[in-house]
Each structure stands twice: as structure tokens, then as C-alpha cells.
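>>> model the structure of this input:
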Amino acid sequence: MYETHSTTTDNEAGIATGWLAGELSPRGREEAGELGARRRDDGLAAVFTSDLQRSVQTAEIAFAGSGLYQDVRLRECDYGQWNGMPVAMFDGERSRRIEVPWPGGQSYRQVVDQTRDFLRDLSEAWDGDRVLVIAHSANRWALDHLLNGAALEQLVDAPFVWQEGWTYVLPSGWTG
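Next comes the predicted model:
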């Protein structure tokens, strides 16, 4: 199972947070509570989260007292000098950053590689278990690319449509 972190003050202000910490807004805190209620009885063996503050806050509110695992490989794309810039500036630029890193940051391909590495470890250590991952848009694109064969070129420029989680199947013994 995959969920994006809850709404942040940057989301509400139209800011692309990237590798900046980010802070859940009051609405985001409510959403995190709703996430916990929605997923509490899903038979989750583990909850993995990005180590960026907004994802950690989401997980801690949703699953207080549960075993949470932070993983740096689940971070949002590092926009480098573009971290904290208005989202409007990103229109038309994302598809140019699939292979070429953002100035002072990373490319979406690097996010895919990090996610692939995470999935390899997940496949080995949690085979047959149902887990939840709480992370960012770039990680969901990586999952769609790696597990569903979707083209990054189409994913990065598609409008974001929130939903109550995404389900992926990681085949047993997956090596990517």
C-alpha cells in the first residue's frame, strides 16, 4: 500500500518543498488521523516512511505507537536550488529532469534508482507481508514506473489527483 504524506503548509501555499522538511497544516493533521483510521485494520506488518518531516509527521499521527521505519531512499526528489520554489515554476520543467538533475539536486531517474533499491530490500525482508509506504509524488511515480511499467515522461507531467492510497504488488523475489 502507498500513501502520500498529508497536506502541508507548503502544499497550501503552492510551494514545491523538495528536500526541505515541510510542516503539516491543520488540515494535514486531520488527514493523517483519517489515514490511521482508514488503514488501522489493513493487517499491515510495517509502515515505512520517508525521513522528511512531513512524511514522519503523517506516519506518527496516523500510526502512533506502531513500528515505523524511516528510510532516506523514500525522500522526494531533491530539487536542489529549486527546493522551496513555487510549484507553478515546475510546469514543463519536470520532463527535462528525468535524466538531467535539477541544479544542485537530483534527477527523477535517481529517485527511481533509490526506490528500486528500497524495493529490493523490501522484497527480501518483508516477502509475503502487507506493508504501507508513506512518501512523496516522485516515489509514487517511481512505483508506477517500476511495478506497472508506466513511462516516467507521462507520469512527471500528469496532474496530481489525490486518492485514498494506491495498491502495488511486489512479486516474490523481485529484483527490479
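
>>> please count neighbours and contacts with C-alpha atoms only from this point.
Noted.

>>> residues contacting the residue of the chain most remote from its centre?
Residue farthest from the centre of the chain, counting by Cα atoms, centre = their mean, is Gly173 at 22.7 Å. Neighbouring residues of Gly173 by Cα atoms under 8 Å, 6 or more residues apart in numbering: 123-124, 127.

>>> can you name the element that comes right after the longest helix seen in the chain?
Identified as the longest helix of the chain according to DSSP state H is helix 108-125. Moving toward the C-terminus from helix 108-125, the first helix or strand encountered (DSSP states H and E) is strand 131-135.

>>> contacts for whichever helix or strand comes after that following strand next, please.
Using DSSP H and E, the helix or strand that follows strand 131-135 in sequence is helix 137-148. For helix 137-148, the external contacting residues (Cα under 8 Å, 6+ apart) are 2, 4, 74-77, 108, 111-112, 115-116, 150-152, 155-156, 168-170, 176.

>>> which ones among these are found in helices?
In helices, defined here by DSSP H, the members of those are 108, 111-112, 115-116, 152, 155.

>>> quick one: which of these is nearest Glu12?
Nearest to Glu12, judged by Cα to Cα, of the ones in helices among the contacts of helix 137-148 is Leu155 at 22.0 Å.

>>> end to end, how far does stretch 67-85 reach?
Stretch 67-85 has its terminal residues 34 Å apart, counting by Cα to Cα, to the nearest Å.

>>> okay, strands next: where are they in the chain?
With strands called from DSSP state E, the chain shows them at 2-4, 15-16, 46-49, 68-70, 85-86, 131-135.

>>> let me know the pLDDT of Thr8.
According to the prediction, Thr8 has pLDDT 96.

>>> ignoring the adjacent residues along the chain, who's closest to it?
Leaving aside its sequence neighbours, Thr8 sits nearest to Leu24 (Cα to Cα, 6 or more residues apart in numbering; 4.0 Å).

>>> circling back: and the contacts of helix 137-148, which are buried?
Listed as buried from the contacts of helix 137-148 are 2, 4, 74-77, 108, 111-112, 115-116, 152, 155-156, 170; burial here means 16 or more other Cα atoms under 10 Å.
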